[in-house]
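In: output the structure for:
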Amino acid sequence: MSKILIPVDFSENCNNAIHYACQIAQQGGQEIDLVHVFSSHSNTYANIKGETPLNDPRVPEAEQNMVDTITQIQQEFPKVRANSIFKEGNLYDEIKALTTATSYDVVVMGTQGASGLDAVFIGSNTYDTILNTTTPVLAVPETATEYKKDNVALLCNFKEAELTALQQASALFNTDYRLILIHVNTDDKAIKDIDAQFKDWINRIESELGISDISYIIKPQTLFMRQKETVAQAITSVLLDEQVDILILTKSKKSVFRQLTESNVIKKMAFNIQIPTFFARVLS
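Out: Next comes the predicted model:
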């Protein structure tokens, strides 16, 4: 049985992510594990010593919230099986432990943001999880309430890891969508050479992954080199123009993701996005 892991804090963003993940599971048949992590600051009585232990009232409250959440899932998605997990510690560490012990298709995490890719939202466990987990992460913004996969985009730099990312994503999204390959021409290559690369690359995707509806877009570096358009803005414009439903990023050392990480742009892309973004697992 394939599984989806969802860290939950019972917030509105989290509930939206759960609803989105349930739509995926309803189509794909995945089982869902909901994990709530009690951090040291959320369990104020954890370190009090004495013969009669004191219980933080937020613990039974969280347990009841979990019961209510699973009940809601069962009512709206009767075919989706949901399980509850409670842990105590650091959210990132507990997610890492769970994903190491169990093979999950993806970790689904809700994110805030409606101000575009240029807004910076950093310093959270979500960012640490995206950068370091060995399981794919699907970041779901609060604006994404309906699961759609008509148009799926992939940042493309003609690296093997991109094929692996598409393979990982197929566990959730299958292959029945229009794939849009986005290439940022940072090396200022001749367009005819990039076109030739795309021809070979698309042939490989079709033959190895079974995706047949593929198009591509090349963004020239001159746009953002002249400060008319940043890398994030260049990608944003494509996502909006093409009405992209899901964005796929890979995290190999030679990928576009890694280049953006090194240039600090990923801090703008990982959060405050307006479409769900699938971050493939770390590749060597």
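
In: low-confidence ranges, this structure, go.
Out: 40-56, 112-132, 221-233, 251-273, 282-284 (pLDDT under 70).

In: ranges for the helices of the stretch 151-284 of the chain?
Out: Applying DSSP state H, counting those that start in this stretch to the stretch 151-284 of the chain gives helices spanning 160-173, 191-209, 222-225, 231-241, 256-262, 266-269.

In: just checking, what packs against the fourth one?
Out: Put plainly, it is helix 231-241. strand 151-155, strand 178-185, strand 214-220, helix 222-225, helix 266-269 (3 or more Cβ pairs under 8 Å, 6 or more residues apart in numbering; DSSP states H and E). Bear in mind the C-beta positions are built from the backbone N, C-alpha and C, glycine included.

In: mind redoing it with 10 Å?
Out: On a contact count with 3 or more Cβ pairs under 10 Å, 6 or more residues apart in numbering; DSSP states H and E, helix 231-241 meets strand 151-155, strand 178-185, strand 214-220, helix 222-225, strand 246-249, helix 256-262, helix 266-269.

In: chain center to that helix, what's the gap?
Out: Mean-position distance between helix 231-241 and its chain equals 18 Å (Cα atoms, centre = their mean, to the nearest Å).

In: what's the angle from it to strand 151-155?
Out: Compare the direction of helix 231-241 with that of strand 151-155 by axes from the mean of the first three to the mean of the last three Cα atoms, to 10 degrees and you get 160 degrees.

In: show me what contacts residue 89?
Out: By Cβ atoms under 10 Å, 6 or more residues apart in numbering, the residues touching residue 89 are 37-40, 97.

In: next, it: phi, psi?
Out: Main-chain torsions, residue 89, degrees, to the nearest 10: phi 150, psi -150.

In: what's the distance between it and residue 39?
Out: For residue 89, the distance to residue 39 (Cβ to Cβ, to the nearest Å) stands at 7 Å.

In: same deal with residue 207?
Out: Separation of residue 207 from residue 39 (Cβ to Cβ): 48 Å.

In: so which of the contacts of residue 89 is the closest to residue 110?
Out: Distance ranking of those against residue 110, using Cβ to Cβ, places residue 37 first at 14.5 Å.

In: any idea how far the strand or helix carrying residue 27 is from the chain center?
Out: Per DSSP states H and E: residue 27 is located in helix 12-28. Taking Cα atoms, centre = their mean, one finds the center of helix 12-28 at 13 Å from the center of the full chain.

In: what helices or strands is it leaning on?
Out: If contacts are counted by 3+ Cβ pairs under 10 Å, 6+ apart, helix 12-28 sits against strand 3-7, strand 31-38, helix 58-76, strand 82-88, strand 106-111, strand 137-141, helix 160-173.

In: start and end of stretch 84-98, how far apart?
Out: Its first and final residues considered, stretch 84-98 spans 13 Å by Cα to Cα, to the nearest Å.

In: no further queries at this time; thank you.
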